[in-house]
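okay, sequence plus prediction incoming.
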Amino acid sequence: MNTPITLRVDDELLARLDELAALTDRSRNWILRDAVIRYLDEEQQWIDRVKRGLEEADQGKLVPHDEVMAEMRALIKDRAEKG
């Protein structure tokens, strides 16, 4: 079952939506539905990663702060050398 919802947007966002719809030969509804699906998928992935990290922390699977900082310094140095 599909349930309609209302979304209020400003004129600029509506213009962008209409432009994309025209360029892709899709309806506003299709684009908005696709955008919501992508957003929800990305947010769920983030939540899953946070949950996994918290579970690992609860299990004591942690990296000492000094090791993390040393790795970060090495990455920064490497990036600076590459310019």
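Great, that's in hand.

so what's the residue nearest in space to the middle of the chain up against?
Centroid check for the chain by Cα atoms, centre = their mean gives Glu42 as the closest residue, at 4.6 Å. Shown in contact with Glu42 (Cβ atoms under 8 Å, 6 or more residues apart in numbering): no residues. Every residue, glycine included, has its C-beta placed from N, CA and C.

what residues are up against Ala74?
Ala74 neighbours (Cβ under 8 Å, 6+ apart): none.

what's near enough to touch Arg26?
Leu20.

neighbours of Arg33, how many?
Other residues near Arg33 number 13, with proximity taken as other Cβ atoms under 10 Å.

what pLDDT does it get?
Model confidence at Arg33, expressed as pLDDT, equals 97.

can you check the one 5 residues further on too?
Arg38 is assigned a predicted lDDT (pLDDT) of 98.

element containing it?
Using DSSP states H and E, Arg38 maps to helix 28-58.

mind checking how far the residue nearest to the centre of the chain is from Thr3?
According to Cβ to Cβ, to the nearest Å, Glu42 and Thr3 sit 23 Å apart.

kindly report the same for Glu43.
For Glu43, the distance to Thr3 - Cβ to Cβ - is 20 Å.

of these two, give the one with the bigger neighbour count.
Glu43 (10 against 4).

quick one: the more buried one and Ile37, what's the gap?
Counting by Cβ to Cβ, the gap from Glu43 to Ile37 is 11 Å.
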